[in-house]
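Trainee: here are the coordinates; sequence isn't available:
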């Protein structure tokens, strides 16, 4: 788990950060500073949500199956409630452009969720390989 636990999230966050950086100038030139801020805040919120997901997977990976499911599913519920609260606060306090913020949040949320699913599948495959090796011994 250590190899994939360090490598895959680092690559995922690098890709997401790269997309944010590459899209910054076109977004700014087409929409202005308020649109750019909304896009960056939406991307940052989605990345923080994904980081919490990666940490919960890493924490629960070596636990029993019931604990693993409780941590992952319960963590998803907690993260979604926290995400809703953060979005509400972002709209009220920061007065962001609603359309730009919502589109960027959805885009980066689904991009992060896809990376999280790939990470979980690779971690599960590594977990099953480890258990198959212990049975063979």
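Mentor: That came through, no problem. The structure displayed is predicted, hence computed values, not measured ones.

Trainee: So what's the residue count around residue 117?
Mentor: 11 (other C-beta atoms under 10 Å). (Each C-beta comes from the backbone N, C-alpha and C, glycine too.)

Trainee: Which strands and helices lie in contact with the helix or strand hosting it?
Mentor: Per DSSP states H and E: residue 117 is located in helix 98-136. Contact here means 3 or more C-beta pairs under 8 Å, 6 or more residues apart in numbering; DSSP states H and E; on that basis helix 98-136 packs against helix 2-31, helix 33-60.

Trainee: Comparing these, which comes out most buried?
Mentor: Burial of those is given as mean neighbour count (mean count of other C-beta atoms under 10 Å); helix 33-60 ranks first at a mean of 19.

Trainee: ok and that helix relative to helix 98-136, angle-wise?
Mentor: 20 degrees (axes from the mean of the first three to the mean of the last three C-alpha atoms, to 10 degrees).

Trainee: got the contact list for the residue positioned nearest the centre of the chain?
Mentor: Nearest to the geometric centre of the chain sits residue 50, at 1.7 Å (C-alpha atoms, centre = their mean). Contacts for residue 50 (C-beta atoms under 8 Å, 6 or more residues apart in numbering) come out as 12, 13, 16, 112, 113, 115, 116.

Trainee: List the residues that contact the first one.
Mentor: With C-beta under 8 Å, 6+ apart as the criterion, the residues that contact residue 12 are 50, 54, 112, 115, 116, 119.

Trainee: Is the third one in contact with residue 44, as I believe?
Mentor: No: contact status for residue 112 versus residue 44: not in contact, 11.1 Å apart, counting by C-beta atoms under 8 Å.

Trainee: From the contacts of residue 50, pick the one nearest residue 72.
Mentor: residue 116 (9.9 Å; C-beta to C-beta).

Trainee: Next one: that closest one relative to residue 63, how far apart?
Mentor: Residue 116 is 18 Å from residue 63, where distance means C-beta to C-beta, to the nearest Å.
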